[in-house]
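# Based on what follows, work out the 3D shape:
(one chain, ligands or ions: 1)
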Amino acid sequence: MLKDKVAVITGSARGLGKEIALMYAKNGAKVVINYSSDSSKDNAERIVQQIKEMKREAIAIQADISNHIEAKNLIDEAAKAFGTIDILVNNAGITKDMILLRMTEEEFDRVVAVNLKGVFNCTKHASRIMLKKGGSIINMTSVIGLAGNIGQCNYAASKAGIIGFTKSAAKEFASKSIRVNAIAPGFIETDMTDVLPETIKENALRNIPLNRLGYAEEVAKVALFLASDLSSYVTGEVIRVDGGMAM
Ligand code: NAP
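You can find the predicted model right below:
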């Protein structure tokens, strides 16, 4: 479905990003793995190796996407390596949960810088390259951006911001054949949710009609749909992948 397309996936050495990168490679894409922490370098290299074993091309690039210059370097290096960029998945994201009364300015600023400004940084640089022949941009928001959540004012604000950003960018770029969509996952099993206490997971389960947490692969399948021609008439959309949690 993505034969010879070039895809950049931010935060793809683990979690949802890793699953999306593998799914894209399986479907024929050349993949750029991005990571920010030194501790994710080995993981990133392992995924590159795994993709090469599928006889597909991949490289790993370290960049903190909240930094405008590092995000530019990521996109420039990716385009230099593979000649163009067809797909950008703005997946990287963090949480720093705290009730609002105790939330520090640093906790608010950092979450917004990575989750929202990171989307601006990468989209701005990559869209310039996509102007020539179109492309697909997929932004990872969250059901928390739709519904809010106690202890997550910073995260919810960043994810709601991504939805407004997605719709505005979709309108701006539609005439250039660049589609911009968002995925809003619910409760998916990754490092981000592993750290949550059992009581929170049990509470969440009660609100999920499908009665289980989601798997990263289930988000990756929707990311594949949005990246491919199967969604050629879909732009400015937010697709929930949440087992019915936020309906
Ligand atoms: P995760 O396992 O915690 O992985 C987060 C990824 O983001 C890591 O690859 C990390 O890179 C990367 N990252 C963090 N800060 C970065 C920065 N400054 N620059 C570049 N990369 C950075 O999280 P996940 O569960 O896979 O979540 C992926 C996305 O889905 C996030 O945007 C998250 O908000 C969203 N989401 C997740 C869920 C869920 O239930 N899991 C639900 C809704 C939305 P390093 O490895 O280098 O640290």
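# Quick check: the residue nearest to M140 when sequence neighbours are not counted vs the ligand, distance?
Nearest in space to M140, with sequence neighbours left out and distances taken as C-beta to C-beta, 6 or more residues apart in numbering, is N91 at 4.6 Å. C-beta coordinates here come from the backbone N, C-alpha and C atoms, glycine included. In this view, N91 and the ligand are 5 Å apart by C-beta to the nearest ligand atom, to the nearest Å.
# which residue ranges form the helices in the protein?
15-26, 41-53, 68-82, 105-112, 118-130, 143-147, 153-173, 191-194, 198-206, 216-227 (DSSP state H).
# Same question for the first one: list its buried residues.
Neighbour-count burial for helix 15-26, with 16 or more other C-beta atoms under 10 Å as criterion, is recorded at 15-25.
# do the same with the second one
Buried positions in helix 41-53, judged by neighbour count with 16+ other C-beta under 10 Å: 43-45, 47-48, 51.
# likewise the longest one?
Of the residues in helix 153-173, those buried by neighbour count under the rule 16+ other C-beta under 10 Å are 153-163, 165-167, 169-170, 173.
# Counting by contacts, list what it packs against.
Here helix 153-173 touches helix 105-112, helix 118-130, strand 135-140, helix 143-147, strand 178-185, going by 3 or more C-beta pairs under 8 Å, 6 or more residues apart in numbering; DSSP states H and E.
# Say whether the ligand is contacted by it.
No. Helix 153-173 stays clear of the ligand (C-beta under 6 Å from any ligand atom), getting no nearer than 6.8 Å.
# N73 and the ligand: what is the separation?
N73 is 12 Å from the ligand, by C-beta to the nearest ligand atom.
# who's in contact with the nearest residue in space to that residue that is not next to it in sequence?
Excluding the flanking residues, the one nearest N73 by C-beta to C-beta, 6+ apart is A63, at 6.1 Å. Taking C-beta atoms under 8 Å, 6 or more residues apart in numbering, we find A63 in contact with 34, 36, 70-71, 73-74.
# list the contacts for the residue nearest the centre of the chain?
Compute the mean C-alpha point of the chain, and by C-alpha atoms, centre = their mean the closest residue is N91, 1.5 Å away. Listed by C-beta under 8 Å, 6+ apart, the contact set of N91 reads 9-12, 16-17, 20, 138, 140.
# In JSON lines: those, plus pLDDT and distance to the ligand.
Listed next are these as JSON lines, based on pLDDT from 0 to 100; distance: C-beta to the nearest ligand atom, whole Å:
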{"residue": "I9", "pLDDT": "99", "distance to the ligand": "9"}
{"residue": "T10", "pLDDT": "99", "distance to the ligand": "5"}
{"residue": "G11", "pLDDT": "98", "distance to the ligand": "3"}
{"residue": "S12", "pLDDT": "98", "distance to the ligand": "6"}
{"residue": "L16", "pLDDT": "98", "distance to the ligand": "4"}
{"residue": "G17", "pLDDT": "98", "distance to the ligand": "5"}
{"residue": "I20", "pLDDT": "98", "distance to the ligand": "9"}
{"residue": "I138", "pLDDT": "99", "distance to the ligand": "11"}
{"residue": "M140", "pLDDT": "99", "distance to the ligand": "4"}
